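Novice: A structural model of the following input is requested.
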Amino acid sequence: MNYITFNEMIEVNGLLEEKGLNFKVHLRDACGKQSCWIEPLGNCACEGRYEEMYQVVEEYFRSKGQKIAFDETKLNFFAV
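Specialist: Predicted structure coming up:
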């Protein structure tokens, strides 16, 4: 089973901020399964930058040797 660390959350949120993407990724860890949720911050996040944010998040975890999968809302994901 792959795990997502708090340090990875800090790093991916830093990348989003650097790129001016107004989103924040949060980690949930309950009952043996981790998941993450994406919080859009303010109006800027809703102005068509979701695809760019998904690319940053996916590429970050890929660079760490992890694959992630999004749920149907694409606002939640987990390591696979």
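Novice: for stretch 61-78, the averaged confidence score.
Specialist: For stretch 61-78, mean pLDDT rounds to 95.
Novice: list the buried ones in stretch 60-68?
Specialist: Within stretch 60-68, the residues scored as buried using 16 or more other CB atoms under 10 Å are 60-61, 68. Where C-beta positions appear, they are placed from N, C-alpha and C, glycine not excepted.
Novice: which members of those occur in strands, if any?
Specialist: Among the buried residues of stretch 60-68, the subset assigned to strands under DSSP state E consists of Ile68.
Novice: for Ser35, state which of the buried residues of stretch 60-68 is nearest.
Specialist: Distance to Ser35, by CB to CB, is smallest for Ile68 among the buried residues of stretch 60-68, at 10.0 Å.
Novice: now distance to Gly48 too, for the buried residues of stretch 60-68, in CSV please.
Specialist: Output for the buried residues of stretch 60-68, formatted as CSV (distance: CB to CB, whole Å):
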residue, distance to Gly48
Tyr60, 21
Phe61, 23
Ile68, 22
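Novice: so which of the buried residues of stretch 60-68 is the closest to Asp29?
Specialist: Closest to Asp29, out of all of those and judged by CB to CB, is Ile68, at 15.2 Å.
Novice: residue contacts, that closest one?
Specialist: Listed by CB atoms under 8 Å, 6 or more residues apart in numbering, the contact partners of Ile68 are 36, 57-58, 61, 77-80.
Novice: and these, which are buried?
Specialist: Buried, going by 16+ other CB under 10 Å: 36, 57-58, 61, 77, 79, out of those.
Novice: show me those that map onto strands.
Specialist: Checked against DSSP E, those include these in strands: 36, 77, 79.
Novice: and the gap between the residue of the chain most remote from its centre and Val56?
Specialist: In the chain, the residue that sits farthest from the middle, by CA atoms, centre = their mean, is Cys31; the gap is 20.2 Å. Look at Cys31 and Val56: by CB to CB, to the nearest Å, they are 29 Å apart.
Novice: just to revisit the earlier point, okay if I get the buried ones among the contacts of Ile68 as JSON lines plus distance to Glu8?
Specialist: Shown next, in JSON lines, are the buried ones among the contacts of Ile68 (distance: CB to CB, whole Å):
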{"residue": "Cys36", "distance to Glu8": "9"}
{"residue": "Val57", "distance to Glu8": "11"}
{"residue": "Glu58", "distance to Glu8": "13"}
{"residue": "Phe61", "distance to Glu8": "8"}
{"residue": "Phe77", "distance to Glu8": "12"}
{"residue": "Ala79", "distance to Glu8": "10"}
